[in-house]
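Visitor: give me a model of this one.
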Amino acid sequence: MFSKVFYFIVFVLTLVLEVRTQAGGMGGMIIDYAEAFDQELYESVIDEEKCDEQLEFLSNNSDVSMLFQDATGKIPTGFLSGNLADLGDYHQCLGIRHVDRDMEIDGKYCMMQYPLKQMQENATDAPDDTTIPPNIEFPNISDIFPPLSNRTLEDIKQYRMVQRYAQGISGAGGPFVSRVIPVNFASAMKMTIGTCVPKVCRAKQVVKYFQQKYLGNTDWRDNNVTVEEFFCRLPNDRPFSIADYLAIGIFSLIGAITVLSTSYDLFQKFALKKKSSEVSTLYRSFSVYTNTRRFLTFSQPAGSLECVDGIRAVSMLWVIFGHTYCLTMLTFVQNVQAVKQWLTSFTSVWVNSAPITVDTFFLLSGVLCVYTVVGKITRWRFITSLHMFYLYRILRILPLLAAVILLQASLFHRMSDGPMWLNMGHMVLMCRRRWWSALLHVQNYVKPMGICLYQTWYLSVDLQLYLFSPAVLVWLFGSQAVAWCALGTIIMVSLVLSTTFSFLYNYSAALANPGRVDQFGDYFTDYYINTLTRAPPFFVGMMYGYLLLRCKGRKIRINKILVWVIWVMAFLLMAFCIFTTYPVMQEDFHLQALDNFLNSYMRAIWALAVGWLIFACVHGYGGPINWFLSLQMWKLPARLSYAMYLTHYPIMMVSNGSMVGTHFFTDGNTIYRALGDLAFATIAAFVLSITIDAPCSTLQKLLLGGAGKKKPEEKVKVESQNNEEKKEPEEKMQDEKTNL
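Guide: Below is the predicted model:
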């Protein structure tokens with residue numbers, strides 16, 4: 001009954017909000033990034049008369065004019081290798097402020113685009129005009145911009161398509177790259193130059209002024225290079241929104257409560273010398289001291305799956321490194337040809353195959369869904385308490401998700417700035433408009449190309465599978481034969497659905513295939529974030545969860561030769577899933593049957609292999625692998641994995657948006673940036689976990705039961721404080737296992 005009510009509420013809210021969204025003009029996939037910046041400010045400063053006056057002053061004042069010229073981009077370095085951008089000096093331009101009598105000249109940064117085809121076709125020699133100062137020389141434009149080779153043009157085109165892939169996977173929306181690759185790509189190519197102009201001027205007015213002043217009324221001027229104004233930026237051009245005021249109010253309140261709760265806890269602990277059982281759980285729920293102690297205490301309860309911590313931590317590292325490589329493509333990369341070559345090289349396999357790690361999390365979710373429920377209660381008790389099964393899951397992931405969405409919609413927008421901040425502006429707008437679909441976990445079906453926090457499509461798919469899981473769980477409480485039949489049936493159904501979608505649409509098996517990125521939009525919405533196609537690893541995980549539950553506490557004896565055979569097969573299957581990405585990424589690969597096979601079964605095969613790894617480690621057949629995955633060093637990143645998953649993406653967008661020049665791509669440089677992203681994501685995740693996630697977890701237990709209940713006085717006297725402190729981390733760890 002509760003599930004029907006829940007789905008009905010979701011449907012109604014989705015319908016209402018969708019109608020409201022379409023009425024607001026959001027019908028397409030792209031949200032205009034410009035609304036994140038103050039467009040009224042740009043228009044209010046324009047004054048054509050003042051512009052002519054200031055331009056006349058600059059043409060006669062070389063000292064001030066040099067400031068604008070120095071902050072303006074020049075001919076891009078590596079132009080013949082495919083670099084079509086020079087961003088100039090963004091911060092220097094916006095910092096220009098010159099006062100001369102009653103004239104104030106301030107800098108404005110504008111991104112200008114120069115069509116290359118027109119520049120090469122219309123290039124002629126400059127005329128001999130007496131109006132041109134003798135120290136200014138106009139060379140033949142075709143000498144400056146020689147025709148690019150066909151190979152370079154093809155590399156640039158494929159790189160632009162890879163940027164479209166980066167747009168889709170990041171949700172950046174495309175301020176810097178058109179979503180449509182034109183048929184005549186060479187004629188549509190444009191060089192992007194960061195240009196510094198006076199604040200009161202439009203960029204085109206500046207170009208027109210100097211053309212008229214130095215070139216006169218000549219035919220050459222009429223055939224001169226045309227310029228397109230892409231966007232302009234001014235200081236303080238990010239207006240405050242409702243989200244900003246909400247964020248300031250809510251996080252200030254949380255900060256105040258945290259200070260009071262921590263002060264109360266420390267006073268009770270060290271001044272009054274009270275035991276933990278004598279201190280109010282409610283009043284100290286936001287205490288940084290108590291929450292940190294619990295968070296950093298790594299005691300394992302009996303029957304815990306210790307190797308899962310290592311798997312979760314390693315998988316999260318893989319996700320962060322893969323996203324760092326992916327989001328690098330959103331920047332202006334200088335060595336375009338090198339990126340194109342790297343994408344199809346063998347050394348990029350570990351990055352191109354990184355999306356498979358998402359299926360590891362689906363597997364773990366399925367394992368824990370069964371392992372933490374079946375065997376703990378009866379079937380009838382499970383059915384009657386189904387609403388609590390859903391409620392615990394939703395409330396467990398809600399606080400951090402809501403907090404990061406609010407941060408993305410507000411404070412992250414003000415953390416930094418740069419010439420490429422428009423991508424961040426676009427993501428800010430998506431969260432301001434689409435926060436509801438993220439919180440309702442319907443964003444993978446409701447306008448999926450406009451997701452708030454794009455990586456959270458996983459949460460939507462995972463929760464939808466979790467909501468469906470009772471249809472399988474209810475059969476696992478009784479006969480083992482019935483349970484295995486139910487598991488086998490749901491796995492087969494999920495594989496049939498995945499196979500149907502794969503062979504029906506004929507997509508590439510490699511997410512970043514540079515030769516087929518034009519299909520990415522459809523592939524992403526129809527397959528990649530489709531709950532039906534991503535279900536097999538989850539249900540394979542349920543199968544392993546039931547197997548682990550049946551074998552829990554028992555000594556499983558397997559022939560050593562068989563163990564070795566299974567381990568070899570598991571490694572071969574994982575290697576198959578990883579390394580088959582290499583041939584698929586090659587330009588001459590046209591074996592669609594293999595693509596369809598991989599899309600249909602690769603994720604289930606990966607889950608099957610990783611599931612064996614967990615089973616073997618739990619039952620003593622993991623050897624050094626179990627030792628490695630059970631190391632204490634994985635405990636903290638495993639507990640932080642959910643918060644890191646939510647925070648690492650905005651942090652990467654802040655880093656990319658802060659770049660002030662073109663990026664020279666190398667593996668070493670990108671790994672260095674990934675380590676920085678990892679460090680900042682870990683710090684942010686720890687802070688949010690201590691101040692938001694841990695307190696909300698405690699409050700959830702107080703509200704729904706299971707925490708804060710005082711033991712009888714006589715038992716409290718018998719139990720020591722150390723035992724109480726030891727129990728709390730164990731409860732905390734069990735909650736963490738419901739995360740990624």
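Visitor: strands along the stretch 1-150 of the chain, start to end?
Guide: 85-86, 97-100, 103-115 (DSSP state E, counting those that start in this stretch).
Visitor: residues contacting the first one, please?
Guide: Same thing as strand 85-86. 73-77, 191-194, 332, 662 (Cβ atoms under 8 Å, 6 or more residues apart in numbering). For the C-beta atoms, the positions are set from N, CA and C on the backbone; glycine is no exception.
Visitor: now those as TSV including pLDDT?
Guide: Shown next, in TSV, are the contacts of strand 85-86 (pLDDT from 0 to 100):
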residue	pLDDT
Gly73	90
Lys74	86
Ile75	83
Pro76	85
Thr77	83
Met191	82
Thr192	87
Ile193	89
Gly194	91
Phe332	84
Thr662	87
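Visitor: out of these, flag the one nearest to Ala481.
Guide: Ala481 lies nearest to Phe332 out of those, by Cβ to Cβ, at 61.0 Å.
Visitor: burial count for the closest residue to the closest one other than its chain neighbours?
Guide: Spatial nearest neighbour of Phe332, chain neighbours left out: Ala85 (4.0 Å); criterion: Cβ to Cβ, 6 or more residues apart in numbering. Counted with other Cβ atoms under 10 Å, residues neighbouring Ala85 total 25.
Visitor: which residues does Ala85 bridge with?
Guide: Thr192 (DSSP bridges).
Visitor: distance of it from Asp417?
Guide: 18 Å (Cβ to Cβ, to the nearest Å).
Visitor: same thing with Tyr245?
Guide: 21 Å.
Visitor: more crowded one of these two?
Guide: Asp417 (20 against 11).
Visitor: that one and Gly657 touch, don't they?
Guide: Yes. Between Asp417 and Gly657 there is a contact under Cβ atoms under 8 Å: 7.5 Å.
Visitor: got any residues that touch both of those two?
Guide: By Cβ under 8 Å, 6+ apart, no residue touches both Asp417 and Gly657.
Visitor: about what we covered before: of the contacts of strand 85-86 - the most surrounded one?
Guide: Most surrounded of those: other Cβ under 10 Å gives Gly194, at 25 neighbours.
Visitor: contacts only, for that one.
Guide: 71-73, 86-90, 93, 109-112, 419.
Visitor: so Trp457 sits against Pro448, correct?
Guide: Yes. In this structure Trp457 lies within contact range of Pro448 using Cβ under 8 Å: 7.2 Å.
Visitor: go through stretch 100-116 and flag the buried ones.
Guide: Residues of stretch 100-116 classed as buried under the neighbour-count rule (16 or more other Cβ atoms under 10 Å) are 105-116.
Visitor: next one: stretch 585-597
Guide: 585, 589, 595-597.
Visitor: distance to Asn559, pLDDT and secondary structure added to these, as TSV?
Guide: As requested, these are arranged in TSV below (distance: Cβ to Cβ, whole Å; pLDDT from 0 to 100; DSSP: H, G, I helix; E, B strand; the rest coil):
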residue	distance to Asn559	pLDDT	secondary structure
Met585	40	89	coil
Phe589	41	87	coil
Asp595	38	92	helix
Asn596	37	94	helix
Phe597	32	95	helix
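Visitor: for the residues you listed, which one is nearest Glu53?
Guide: The closest of these, once distances to Glu53 are taken by Cβ to Cβ, is Met585, at 56.7 Å.
Visitor: what residues are up against the closest one?
Guide: With Cβ under 8 Å, 6+ apart, Met585 has these contacts: 343-344, 348, 352, 510, 512-514.
Visitor: mind running it again at 10 Å?
Guide: 343-346, 348-349, 352-353, 508-516 (Cβ atoms under 10 Å, 6 or more residues apart in numbering).
Visitor: can you flag the buried ones in the residues you listed?
Guide: Going by neighbour count (16+ other Cβ under 10 Å), those have 343-344, 348, 352-353, 508-516 buried.
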